[in-house]
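Student: Structure here, sequence nowhere to be found:
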């Protein structure tokens, strides 16, 4: 899939987030990259990654650069057979990483 089409699907997924979450996303960039850096590989296929300070740990006195949510296009495509599956996986991965932004742990996200 062309990167521009993948980015369109990501933008749609962001627009389709529930408004209560979307309006609280502040100072966070959503970035599409082909693959994660090698040091990010943890024995599995990494589809996305939140890099930053969870919203629950921020203070009004804390100034920081934007948090980042990475979506790894080639890895997402590797687990999908068609565009509809890519669209669903982008949404699932984005929701997972947004959960980390809001302070949820891996265990909490798995139980949702």
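Tutor: Alright, I've got the coordinates. What you see is a predicted model, and the numbers here were worked out from it, not measured in a lab.
Student: Report the helix or strand with the lowest average pLDDT across the protein.
Tutor: In the chain, no helix or strand scores lower on mean pLDDT, DSSP states H and E than helix 106-111, which sits at a mean of 76.
Student: can you give me the helices in this protein?
Tutor: 3-15, 19-22, 73-78, 83-101, 106-111 (DSSP state H).
Student: between those helices, which gets nearest to residue 58?
Tutor: Taking Cβ to Cβ, helix 83-101 is the member of the helices of the chain nearest to residue 58, at 10.4 Å. C-beta: built from backbone N, CA, C; applies to glycine.
Student: Report the mean per-residue pLDDT for the closest one.
Tutor: For helix 83-101, mean pLDDT rounds to 95.
Student: ditto for stretch 59-70
Tutor: Per-residue scores along stretch 59-70 average to 81.
Student: just stretch 46-55 next, same as before
Tutor: 92.
Student: please begin residue numbering at 188 from this point
Tutor: I'll keep to 188 as the first residue from here, and by that count the last item is stretch 233-242.
Student: which parts of it are buried?
Tutor: 233-237, 239-240, 242 (16 or more other Cβ atoms under 10 Å).
Student: Thank you kindly, that will do.
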